[in-house]
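Trainee: Following is a predicted model, sequence given first.
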Amino acid sequence: MRLSLTVVTEKVPLLRSLRYPGFRLYWLGMVATTFGNQMRQVAMLWLVYKLTGSALDLGLVGGVEGAASIVFTLYGGVLADRVDRRRLLILTNFSLFVLLFVLAASALMGVVKMPHLLVFAFLFGAITSIDGPTRQAFFPNLIEDRKDLMNAIALHSTIHQTSRIVGPAIAGLLAAFNPAICFFITSAAYLAMVTAISRIKAGKADRGERGNARASPWEGLKYVLRNPIFSSVIGLVLLNSVFGMSFVYLLPIFAGDILQVDSRGYGLLITFMGMGTLAGVLLGAMLGSFKKKSILLLGGSAFFGLLLILLSFTRQYTGAAMVIAVAGFMQHLYMLTAHTLVQYLVPDNVRGRVMAIYSLVWSLTSLGGLQAGAVANYLGAPEAIAIGGGVVTAFTIFLLIAVPRLRKLDA
């Protein structure tokens, strides 16, 4: 007898949140758009390289897209709280479908130039800055039992981690023929997301709070700062972005100068970190009903910082690879917990703006690379890694002492 999808999702803890039809449709749409976007990024950078061969132009495309995203993200959170989120997602994803289709057709005809790509990058960054907070505000209402929320967020992360491995490899093969192929596939992926969201039954909670929510994006920031739990958790995410994950930017120097390995050895270190990260996501997906979320959050954060300090003293390649794998595991486990706590505790009328702040803070990893590079330039890569780990651990200890409610937090 063939088992129904509902029975399978109830029997397999990793897939528990997929038993909700609305979230299942949304998740499938996320699979399509996330893999498609990975392909889009690879193909677009390759197209820039083929057009100009300039490293500055490569950086400029990423900078324009990132700048547009940073500028408009907080306003995207306001829209997510003010309008029907389901309709807004249909609008943003249909806009991205049209935008990608125009780019694909232009690339296929060979008429696309560097100025066109800069305009595209800006528009893509602006639209996704609205789409991102709206997705974050929309999908929790598709989970009827809140104990499955961490599992749903973990399945989100699983898509991202898998797409980073598979998507670029496929894009590299297709872009060798024509980058337009990747753009057409990504365009179709966003159209699939439109179809998926259109089939989800709209709920009252997905329509925003027109009368109760103020238009200013700074209201979300004020709300976070007034609430010790939110300010502590998001502060921890900020420290992770700027000081914790900054070690990734120093790994080429650490691998070459300290561990004395070539690019293959460096690539394997990244692979080990990816394996650890994926393991953290999978475990998090199965710990959705674990009530002591404070243990996962604060314990994982403190241990992650200590692992970075340990890495800074490691001079053997095998030992460094093991430390990096465990660090990736702990980092994603506690970040997954932080995401779950914010989604679980935030009121729906400010969810869009709070999640916009969360997304903005999470995206500041590039600033971490800047500070880590500056410190490493004066003190050395191992010292910069140790300082980053020390800051994360010290802030975690500070939260343990200063915010008693945080260590008692259950979900």
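Mentor: Done, it's in. Numbering: from 1, shown residues only.
Trainee: give me every residue that touches residue 33.
Mentor: Residues in contact with residue 33 (C-beta atoms under 8 Å, 6 or more residues apart in numbering) are 93, 186, 189-190, 192-193. C-betas here are computed from N, CA, C, even on glycine.
Trainee: Restricted to helices, list those.
Mentor: 93, 186, 189-190, 192-193 (DSSP state H).
Trainee: and of the residues you listed, the nearest to residue 372?
Mentor: residue 186 (31.8 Å; C-beta to C-beta).
Trainee: contacting residues around that closest one?
Mentor: Taking C-beta under 8 Å, 6+ apart, we find residue 186 in contact with 33, 36-37, 39-40, 100, 104.
Trainee: Now do it against residue 73, distance only.
Mentor: Applying C-beta to C-beta, to the nearest Å, the value for residue 186 to residue 73 is 21 Å.
Trainee: Same question for residue 221.
Mentor: 12 Å.
Trainee: Neighbour count: these two, which is higher?
Mentor: Legend: neighbour count by other C-beta atoms under 10 Å for residue 221 and residue 73, higher for residue 73 (24 against 19).
Trainee: Show me what the one helix or strand that one maps to is packed against.
Mentor: Assigned by DSSP states H and E, residue 73 belongs to helix 55-82. Here helix 55-82 touches helix 21-52, helix 114-138, helix 218-226, helix 351-362, going by 3 or more C-beta pairs under 8 Å, 6 or more residues apart in numbering; DSSP states H and E.
Trainee: For the closest residue to residue 283 other than its chain neighbours, list the residues it contacts.
Mentor: Closest residue to residue 283 in three dimensions, ignoring its sequence neighbours and counting by C-beta to C-beta, 6 or more residues apart in numbering: residue 333, at 6.4 Å. Contacts for residue 333 (C-beta under 8 Å, 6+ apart) come out as 280, 283-284, 296, 300.
Trainee: just residue 178 next, same as before
Mentor: Per C-beta under 8 Å, 6+ apart, neighbours of residue 178: 107-108.
Trainee: and it, backbone torsions?
Mentor: Per-residue torsions, residue 178: phi -170, psi 130 (degrees, to the nearest 10).
Trainee: And it, what's its pLDDT?
Mentor: Listed pLDDT for residue 178 reads 87.
Trainee: Residue 161 versus that one, what's the distance?
Mentor: Note on residue 178: its distance to residue 161, by C-beta to C-beta, is 28 Å.
Trainee: hmm, who's touching stretch 374-386?
Mentor: Under C-beta under 8 Å, 6+ apart, the answer for stretch 374-386 is 246-247, 250, 253-254, 257-258, 308-309, 311-313, 372-373, 387.
Trainee: That one: end-to-end distance?
Mentor: Its first and final residues considered, stretch 374-386 spans 14 Å by C-alpha to C-alpha, to the nearest Å.
Trainee: can you pull the buried residues of that stretch?
Mentor: By neighbour count on 16 or more other C-beta atoms under 10 Å, the buried set for stretch 374-386 is 375-376, 380-382, 384-386.
Trainee: Equivalent analysis for stretch 115-134, please.
Mentor: Result for stretch 115-134 [16+ other C-beta under 10 Å]: buried residues 117-118, 120-134.
Trainee: From residue 34, how far off is residue 155?
Mentor: Distance check for residue 155 against residue 34: by C-beta to C-beta, it reads 11 Å.
Trainee: With neighbour numbers in mind, choose between the two.
Mentor: With neighbours defined as other C-beta under 10 Å, residue 155 and residue 34 compare such that residue 155 has more, 23 against 20.
Trainee: for whichever strand or helix holds the more buried one, packing partners?
Mentor: Following DSSP H and E, one finds residue 155 within helix 149-175. Identification of packing neighbours for helix 149-175 by 3+ C-beta pairs under 8 Å, 6+ apart yields helix 21-52, helix 179-198, helix 263-286, helix 317-345.
Trainee: closest to residue 143 out of these?
Mentor: That would be, of those and by C-beta to C-beta, helix 21-52, which comes in at 5.9 Å.
Trainee: Find the nearest non-adjacent residue to residue 301, please.
Mentor: Closest to residue 301 by C-beta to C-beta, 6+ apart is residue 396, at 4.4 Å.
Trainee: show me the contacts for residue 299.
Mentor: residue 334.
Trainee: quick one: secondary structure of it?
Mentor: When classified by DSSP: H, G, I helix; E, B strand; the rest coil, residue 299 comes out as helix.
Trainee: any idea of the pLDDT on it?
Mentor: So residue 299 comes in at 87 (pLDDT).
Trainee: Grab the nearest non-local neighbour of residue 156.
Mentor: Excluding the flanking residues, the one nearest residue 156 by C-beta to C-beta, 6+ apart is residue 30, at 6.7 Å.
Trainee: Residue 159 is in contact with the one you found, correct?
Mentor: Yes - counting by C-beta atoms under 8 Å, residue 30 touches residue 159, with 5.6 Å between them.
Trainee: When these two are compared, which one has more neighbours?
Mentor: Higher neighbour count among residue 30 and residue 159: residue 30, with 21 against 18, using other C-beta under 10 Å.
Trainee: dump the residue contacts of the more buried one.
Mentor: Applying C-beta under 8 Å, 6+ apart to residue 30 gives the contacts 135, 156, 159, 193.
Trainee: about what we covered before: will you turn the buried residues of stretch 374-386 into a markdown table that also has pLDDT, secondary structure and distance to residue 273?
Mentor: Shown next, in a markdown table, are those (pLDDT from 0 to 100; DSSP: H, G, I helix; E, B strand; the rest coil; distance: C-beta to C-beta, whole Å):
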| residue | pLDDT | secondary structure | distance to residue 273 |
| --- | --- | --- | --- |
| 375 | 84 | helix | 21 |
| 376 | 83 | helix | 18 |
| 380 | 86 | coil | 21 |
| 381 | 85 | helix | 16 |
| 382 | 90 | helix | 17 |
| 384 | 88 | helix | 17 |
| 385 | 90 | helix | 13 |
| 386 | 94 | helix | 18 |
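Trainee: And these, which is closest to residue 56?
Mentor: Of the buried residues of stretch 374-386, the one sitting nearest to residue 56 (C-beta to C-beta) turns out to be residue 376, at 23.1 Å.
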